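Visitor: pasted the sequence and its predicted model underneath.
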Amino acid sequence: MSKYLTIAEIAELAGIPNSTCRRYLASFESFFLVRGGNRVKKYEESAVKVLKRVKHLYEEGQDTNEIHDILRNEFPLVIDDDHEQGEAAKQPPGLATVEDIAGIRAALQEQKEFNKVLLEKLEKQQEYINSRLDQHDKLLMESLKESMEARKQIAATKNEKKSFWQRIFKRN
């Protein structure tokens, strides 16, 4: 279960003055999970990490819009459901960060390479099967020709009626 902290506690953990912390929380509210009403708000402990990142980006000279774009790539946005008053806002099941997308791209590249190897193996198998089928077909055709020749010879010998004397002396 997540731990929720007051603004003063978050400001202290992040090393940011209380007033600056409030300004950051208001400017980038879509990145923070909040519990409580207007009077006493508590923020999820993960807010400290976001606030430190915001402070660092401001120190680098980024403006608010640029920081918002950067945070959108690094942290999930919080979707607040208005009819759930008094309950903690729920974090979406997962919005991809830059690292997530990089991981997905790497996995996709590995999958492409695996698919390529698999297709090559399948092509080799198909070539082997085709060559074996061709050999089998040739042997079958040769056997069929031999069988037809034997039938012709048998039929030819049956059609010839030899006389009694030809059969005894084996003359043709």
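Guide: Received the coordinates, thanks. Residues are numbered from 1 along each chain as shown.
Visitor: and the chain, what are its domains?
Guide: The chain breaks down into these domains under automatic domain parsing: 4-95, 101-160.
Visitor: which of the ones you listed has the lowest mean pLDDT?
Guide: Mean pLDDT is lowest for domain 4-95 among the domains of the chain, at a mean of 81.
Visitor: picking up where we left off before, so which of the domains of the chain is the most packed in?
Guide: domain 4-95 (a mean of 15; mean count of other CB atoms under 10 Å). Backbone N, C-alpha and C define where each C-beta goes, glycine included.
Visitor: ok now that one, how far from the chain's centre?
Guide: Averaging C-alpha positions (CA atoms, centre = their mean, to the nearest Å) puts domain 4-95 31 Å from its chain's average.
Visitor: before we move on, back to that, how about the domains of the chain, which one is nearest residue 166?
Guide: Among those, the nearest to residue 166 by CB to CB is domain 101-160 (9.4 Å).
Visitor: please, where are all the helices along this protein?
Guide: For the chain, helices defined by DSSP state H occupy the ranges 7-14, 18-27, 47-59, 64-74, 98-159, 164-169.
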